[in-house]
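> Got a sequence here, can you model it:
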Amino acid sequence: MREYLLPPLSADKPRAAVLFLHGVGADGRDLLSIGESWQPAFPDVQFVSVDAPEPFDMAPPGFGGHQWFSLKDFTIPAMTSGAAAATPGLHRYLDDLLQRLSLTADKLVLCGFSQGAMMALYAGTRYPGGLAGIISYAGVLLAPDSLPKTVPPILLVHGDEDMVVPQTASDQAAALLKRRGDSVSYHSIRGLGHGIDGTAIAHGTDALQEFLKTA
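Just a heads-up that it's a prediction; the model follows:
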């Protein structure tokens, strides 16, 4: 997977890392601007983004773009199967990234948008060793019945006017995680569609401060 890097502003060895997972049809550059927004508050953090491993299979000729799995079938069972199939490859990438950065899993945060948020929630909750945290923007918690007993702290953010991934997906995820006793924060943003605005980024800043306070 092609990487896009924002090295620590401190120019020192990173004490933690944030990996961005983009939505379907985009590429790793899509979420780097969020990392740029977060860099001043986290000068010792390495921000990384990657292209998903598959070409976008619903793109017109010459469009390009990438996907973690196909969304030709937008049903929950199909998306769950797709996320499960993509998880081993993402886990191998995480293993390699942590080794190269000389970091342990508890110093890594996954941040995803839309399909990337589905992957962050699915693969991130199942990564051995336990991540520092997971940030889901407009995501879906797939296969909640098979979640491990312990999962990393999670931030869910969703626009209440999202016409692509309904806000009810995050409503349901937050309720389930709270019933389990997991550490979860949820913010619904009034007037936001399927995207990430300044308020969403600010909630991410607060979550990172909490996730990385001991990193």
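
> what sits up against stretch 162-179?
Contact with stretch 162-179 is made by 114, 121, 136, 138-141, 144, 151, 154, 156-160, 184, 186, 188, 192-194, as judged by Cβ atoms under 8 Å, 6 or more residues apart in numbering. Placement of C-beta: from N, CA and C, glycine included.

> List the buried residues for that stretch?
162, 165, 167, 169-170, 173-174, 177 (16 or more other Cβ atoms under 10 Å).

> I'd say residue 63 and residue 27 touch.
No: with contacts defined as Cβ atoms under 8 Å, residue 63 does not count as touching residue 27, sitting 11.1 Å away.

> Settle it for me: which of the two has more neighbours?
Neighbour count, other Cβ atoms under 10 Å: between residue 63 and residue 27, residue 27 has more, with 18 against 10.

> contacting residues around the residue lying closest to the more buried one once chain neighbours are set aside?
Distances taken as Cβ to Cβ, 6 or more residues apart in numbering put residue 51 closest to residue 27, at 4.9 Å, once the chain neighbours are dropped. Listed by Cβ under 8 Å, 6+ apart, the contact partners of residue 51 are 1-2, 22, 27-28, 66.

> which of those residues has the weakest pLDDT?
The weakest per-residue confidence within the contacts of residue 51 falls on residue 1 (81).

> Look at the spatially closest residue to it that is not a sequence neighbour and say how many residues are nearby.
Excluding the flanking residues, the one nearest residue 1 by Cβ to Cβ, 6+ apart is residue 50, at 4.3 Å. When neighbours are counted by other Cβ under 10 Å, residue 50 registers 21.

> Also the one 10 residues further on?
If you count neighbours by other Cβ under 10 Å, residue 60 ends up with 8.

> Report all helices and strands that the lowest-mean-pLDDT helix or strand in the chain contacts.
Lowest mean confidence among the helices and strands of the chain (mean pLDDT, DSSP states H and E): strand 54-55, at a mean of 92. Contact here means 3 or more Cβ pairs under 8 Å, 6 or more residues apart in numbering; DSSP states H and E; on that basis strand 54-55 packs against strand 66-67.

> Identify those among the buried residues of stretch 162-179 that sit within helices.
169-170, 173-174, 177 (DSSP state H).

> for the closest residue to residue 73 other than its chain neighbours, what are its contacts?
Nearest residue to residue 73, sequence neighbours excluded (Cβ to Cβ, 6+ apart): residue 79, at 7.8 Å. By Cβ under 8 Å, 6+ apart, the residues touching residue 79 are 69, 71, 73, 118, 140, 142.

> Just among those, which is most surrounded?
The most neighbours, when the contacts of residue 79 are compared by other Cβ under 10 Å, belong to residue 118, which has 30 neighbours.

> quick one: it and residue 124 touch, right?
No: with contacts counted by Cβ under 8 Å, residue 118 stays clear of residue 124, the gap being 10.3 Å.

> Can you give me the pLDDT of the residue nearest to residue 1?
Residue 50 is given a pLDDT of 96.

> If it is in a bridge, with which residues?
Judged by DSSP bridges, the bridge partners of residue 50 are residue 3, residue 21.
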